[in-house]
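# Give me a 3D structure for the following:
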Amino acid sequence: MTSHSTVNPRGDTFVGLMGGIGNILFQIARGASLAAEGRAVRFFFVIPQSSLLYRALGWTQQPLWIDIAQIVAELGLDIVSASPAVRVRLGMIFLQRKLRLVSAHTKFDLPLAEALNRAHGLDVGYFQSPAHLSQEGISRVLNALEPLCDHEPDTADARGVTVHMRGADINKNERLKIADVATVLANVPETMPVRVVGNDRDFMADLMAANLRPLEFPQGTAFSDFCTIVNSQRLILSSSTFGFWAAALANTRRPCPIHIQEGAIFTRFPELFPNAALLPGEQMDARSEGTLE
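So this is what the prediction gives:
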């Protein structure tokens, strides 16, 4: 995953990678956004893929189901190892943020314009808004992702509707509602296949028990779920970074109507999702739901 070189601040900007793949793709887009402005950018893993470290910090360890080094290399950048001194600095940043000793915007999740005003140093955060990324940075990550899904033959022709439900650490109040899914599916032809993917097994069981219509529950990997979303014609998505990148990539291939909840991460980037509609009872920038071909 990493080269033999080590982080040492000599004018470069070092962008930290942490969390699951969806978070990491935002962080790579941040680095690409900085690089597009002429910055010398390098990446490093904030926490190595160590189960012991993740358990000690109380964090959920997410498997890296995409080759992150390959994505970074496609951007002409690299991943390096962090020195012990950098680890100490990171520890102080996280501790100060946890104790709220400094503003969260002074060292963590800096807006892009503010980060560009700094000469060099660490750039750590989740960067999940247009204030943190440029359109070029996002586009470069999507271009690097594009060929990966072509190597998953079982999902290459996954037409129809895909429902994605995120489980794990999501707030239960933010989960999709069965009634919302039913309302969308009521306007989908019976001949159109509907697939349900994700890691929320309870939701899947409830959806199956609701007996709305015949549904498919492919038992694939996280990567195959991602590719299924990318190749779908219509999407019903929970708010997740996983769904964000898959849906954004789907829209680069064909106009893809998506149905999302109010406040979902997709609503922060309306230009990426021109065919998005909020789930029943809400509107999103006066956009219509769109129609299936």
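
# which sections of this structure are below the confidence cut-off?
The model of the chain has pLDDT under 70 over residues 1-10, 48-63, 100-106, 151-158, 168-174, 281-293.

# in which helix or strand would I find residue 43?
Following DSSP states H and E, one finds residue 43 within strand 41-45.

# Who are the packing partners of that strand?
Judged by 3 or more Cβ pairs under 8 Å, 6 or more residues apart in numbering; DSSP states H and E, strand 41-45 is in contact with strand 13-17, helix 21-36. In this view, the C-beta of every residue, glycine as well, is placed from N, C-alpha and C.

# isn't there a strand covering residue 220?
No. Assessed by DSSP: H, G, I helix; E, B strand; the rest coil, residue 220 does not belong to a strand; its assignment is coil.

# can you list the helices and strands packed on strand 41-45 in a markdown table and add distance to residue 123 and mean neighbour count?
What follows is those, written out as a markdown table (distance: least, Cβ to Cβ, whole Å; neighbours: other Cβ atoms under 10 Å):
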| stretch | distance to residue 123 | mean neighbour count |
| --- | --- | --- |
| strand 13-17 | 5 | 24 |
| helix 21-36 | 7 | 24 |
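
# I'd like those written out as JSON lines, with distance to residue 269 added.
Below are those laid out as JSON lines (distance: least, Cβ to Cβ, whole Å):
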{"stretch": "strand 13-17", "distance to residue 269": "20"}
{"stretch": "helix 21-36", "distance to residue 269": "11"}
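
# Indicate which one of those is closest to residue 77.
Residue 77 lies closest to helix 21-36 among the helices and strands packed on strand 41-45, at 6.3 Å (Cβ to Cβ).

# starting at the chain centroid, how far to the closest one?
10 Å (Cα atoms, centre = their mean, to the nearest Å).

# How about stretch 264-280?
14 Å.

# how about it: buried residues?
264-267, 269, 272-273, 275-279 (16 or more other Cβ atoms under 10 Å).

# Could you do stretch 131-151 as well?
For stretch 131-151, using 16+ other Cβ under 10 Å, the buried residues are 132-134, 137-142, 144-145, 148-149.

# Residue 271 contacts residue 135, doesn't it?
Yes. With contact defined as Cβ atoms under 8 Å, residue 271 reaches residue 135; the gap is 7.5 Å.

# if you skip the residues just before and after it, what's nearest to residue 200?
The shortest distance from residue 200 to any non-neighbouring residue, by Cβ to Cβ, 6 or more residues apart in numbering, is to residue 167 (3.1 Å).

# So which residues make contact with the strand holding residue 43?
1-2, 7, 12-18, 27-28, 31-32, 34-35, 72, 77-82, 86 (Cβ atoms under 8 Å, 6 or more residues apart in numbering).

# Can you get me the start-to-end distance on stretch 150-160?
End-to-end distance for stretch 150-160, by Cα to Cα, to the nearest Å: 18 Å.

# ugh, typo on my part, it should be stretch 176-193
Using Cα to Cα, one end of stretch 176-193 lies 19 Å from the other.

# Just checking the distance from it to the centre of its chain.
Distance, centroid of stretch 176-193 to centroid of chain: 24 Å (Cα atoms, centre = their mean).

# What of stretch 183-201?
Relative to the chain's own centre, stretch 183-201 is displaced by 22 Å; criterion: Cα atoms, centre = their mean.

# Please identify the buried residues of that stretch?
Those would be 184-185, 188, 194-200, for stretch 183-201 by 16+ other Cβ under 10 Å.

# Over to stretch 253-260?
For stretch 253-260, burial by neighbour count (16+ other Cβ under 10 Å) applies to 256-260.

# Check stretch 36-46 too.
36, 39, 41-46.

# Adding distance to residue 66, write those residues out as JSON lines.
JSON lines is the format used below for the buried residues of stretch 36-46 (distance: Cβ to Cβ, whole Å):
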{"residue": "36", "distance to residue 66": "22"}
{"residue": "39", "distance to residue 66": "24"}
{"residue": "41", "distance to residue 66": "19"}
{"residue": "42", "distance to residue 66": "19"}
{"residue": "43", "distance to residue 66": "14"}
{"residue": "44", "distance to residue 66": "18"}
{"residue": "45", "distance to residue 66": "14"}
{"residue": "46", "distance to residue 66": "18"}
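
# Just give me the closest of those residues to residue 247.
Closest approach between these and residue 247, by Cβ to Cβ: residue 36, at 22.8 Å.

# List the contacts of the residue lying closest to that closest one once chain neighbours are set aside.
Spatial nearest neighbour of residue 36, chain neighbours left out: residue 136 (4.5 Å); criterion: Cβ to Cβ, 6+ apart. Residue 136 makes contact with 32-33, 36, according to Cβ under 8 Å, 6+ apart.
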